[in-house]
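# Structure, please.
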Amino acid sequence: MIGIGVIGYGYWGPNLVRNFAQVDGAAVVAVCDASQPRLDVVNKLYPAVSTYTSVTEMLANPAVNAVAIATPVTTHFPLAKQSLEAGRHVFVEKPFTKTSAEGEELIAIADERELTLMVDHTFIYTSAVRKIHDLVQAGDLGRLYYYDSVRVNLGLFQSDVSVMWDLAVHDLSIMDYLLGADPVTVSATGVAHVGGQPENMAYITCMFPDNLIAHFHVNWLAPVKVRQTLLCGSEKMVVFDDVDMSEKVKVYDKGVILDEAAEHVYQRHVGYRTGDMWAPRLDNIEALAVETQHFVDCINTGETPLSDGRAGLRVVRILEAAHESMAQRGLPIEVHPMREAH
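Just a heads-up that it's a prediction; the model follows:
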């Protein structure tokens, strides 16, 4: 039985406690938070769970075998490092770290001590994204042309991170999982409409080999909530609408057909294919339940998590390149091929 200690019982922590309390092979044994009123809630809901206001004291509890961190991003690195050095497996909320250097150090510590290090990229564990991944892997979409996503709403303006480090993390992690490839360059533009605060809207573009392009629009200042991704291939197109409660994923048999006949080389014709649309059946399972079970299973089997530290690091490196590009008014920034770096 893996004993789980959760650090942070604010917005996301209660979801982690609830899900880890239900996975097979694990039990929540401790919760740590600086707020005593929040710990009072834990004591009332989970009387068997030990509560702490000190991470050091929680890690001294031998029943804690793994730690889940749900705290502000600036604290991810010191808390994860302390936990790994104390011999605990670590599950950390997105984004993985504040800098790629911090992420690299955590990966090195986890590798050296043979500990599981996993990043909370919740969306790749949704049934919708897993279905799209299956379609891509099976080649049903054909050659991929572009990935285009919009994630906007009238959201909470945050003072410690920009909209890229808050919302775009979700879409970059989905892209990383679905495409399985690293961008060659990253460019970004964005603005802050509140003086002295981080950017609240941004546009990010990732260029891949073979003319594959990915574009992201994230915004905290929009009148409607839009969560839509479009993935276009040579054979089929997919629309993922996370706001649509009945048909989140729609597959369209639509596209263009080029006339490759030699006699038409100087007047190439473009035809259109307009076939059926179908919506695959999706499992109605909470993504965080799948993800927390995956973390515990990886600890027990030694398997590498889908969203391991290196997946988290790839997203952080894209965000760093986007931040650098934004400072230079959208100048494309070359990105080192990350999958070949290890």
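
# So, low pLDDT: which residues of this protein?
259-269, 340-342 (pLDDT under 70).

# In it, where's the longest strand?
Under DSSP state E, the strand in the chain containing the largest number of residues is strand 221-233.

# Could you pull out the buried residues of it?
222, 227-233 (16 or more other Cβ atoms under 10 Å). Heads up, the C-betas are built off the backbone N, CA and C, glycines and all.

# Please state the backbone phi and psi of residue 24?
phi -80, psi 140 (degrees, to the nearest 10).

# Repeat that for residue 62.
As for residue 62, its main-chain torsions (degrees, to the nearest 10) stand at phi -70, psi -10.

# Please apply the same query to residue 307.
Per degrees, to the nearest 10, the backbone of residue 307 is at phi -110, psi 70.

# again, but for residue 215
For residue 215, the backbone dihedrals (degrees, to the nearest 10) come out as phi -130, psi 140.

# Could you check how far it is from residue 170?
Residue 215 sits 15 Å away from residue 170, going by Cβ to Cβ, to the nearest Å.

# So between the two, which is more surrounded?
Legend: neighbour count by other Cβ atoms under 10 Å for residue 215 and residue 170, higher for residue 170 (22 against 16).

# mind checking how far the closest residue to the more buried one other than its chain neighbours is from residue 229?
Distance criterion Cβ to Cβ, 6 or more residues apart in numbering; nearest residue to residue 170, sequence neighbours excluded, is residue 123 at 5.2 Å. Relative to residue 229, residue 123 is positioned 10 Å away (Cβ to Cβ).

# Give me the common contacts of the two.
Common neighbours of residue 123 and residue 229, counting by Cβ atoms under 8 Å, 6 or more residues apart in numbering, are residue 174.

# residue boundaries of the helices in the protein?
13-20, 36-45, 55-59, 76-85, 100-113, 127-137, 163, 169-179, 287-301, 309-327 (DSSP state H).

# Distance to residue 242 for the ones you listed - can I get that in JSON lines?
Shown next, in JSON lines, are the helices of the chain (distance: least, Cβ to Cβ, whole Å):
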{"stretch": "helix 13-20", "distance to residue 242": "17"}
{"stretch": "helix 36-45", "distance to residue 242": "29"}
{"stretch": "helix 55-59", "distance to residue 242": "34"}
{"stretch": "helix 76-85", "distance to residue 242": "25"}
{"stretch": "helix 100-113", "distance to residue 242": "27"}
{"stretch": "helix 127-137", "distance to residue 242": "7"}
{"stretch": "helix 163", "distance to residue 242": "17"}
{"stretch": "helix 169-179", "distance to residue 242": "9"}
{"stretch": "helix 287-301", "distance to residue 242": "11"}
{"stretch": "helix 309-327", "distance to residue 242": "18"}
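
# between those helices, which gets nearest to residue 28?
Proximity of the helices of the chain to residue 28 was assessed by Cβ to Cβ; the nearest stretch is helix 13-20, lying at 5.0 Å.

# got the angle for that closest one vs helix 36-45?
Interaxial angle of helix 13-20 relative to helix 36-45 (axes from the mean of the first three to the mean of the last three Cα atoms, to 10 degrees): 30 degrees.

# For residue 247, find the nearest of the helices of the chain.
With Cβ to Cβ as the measure, helix 127-137 is the member of the helices of the chain nearest residue 247 (10.0 Å).

# That closest one packs against which elements?
For helix 127-137, the packing partners by 3 or more Cβ pairs under 8 Å, 6 or more residues apart in numbering; DSSP states H and E come out as helix 169-179, strand 237-241, strand 249-258.

# In that helix, which residues are buried?
Of all the residues in helix 127-137, those buried under the rule 16+ other Cβ under 10 Å are 127-133, 135-136.

# same question, stretch 272-292
Buried, per 16+ other Cβ under 10 Å, within stretch 272-292: 280, 286-292.

# start to end distance for it?
44 Å (Cα to Cα, to the nearest Å).

# hang on, the earlier thing: so which of the helices of the chain comes closest to residue 254?
Across those, residue 254 has its closest neighbour in helix 127-137 (14.7 Å, Cβ to Cβ).

# orientation of the closest one relative to strand 221-233 in degrees?
Helix 127-137 and strand 221-233 are oriented at 30 degrees to each other (the same axes, to 10 degrees).

# Pipe the helices and strands packed on helix 127-137 into CSV and attach distance to residue 145 per row.
Converted to CSV, the helices and strands packed on helix 127-137 look like this (distance: least, Cβ to Cβ, whole Å):
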stretch, distance to residue 145
helix 169-179, 12
strand 237-241, 9
strand 249-258, 9
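
# returning to that earlier point: so which residues make contact with the longest strand of the chain?
So strand 221-233 is contacted by 132, 136, 140-155, 171, 174, 178, 193, 200-201, 237-243, 255 (Cβ under 8 Å, 6+ apart).

# which ones are touching residue 113?
Counting by Cβ under 8 Å, 6+ apart, residue 113 has contacts 84, 87.
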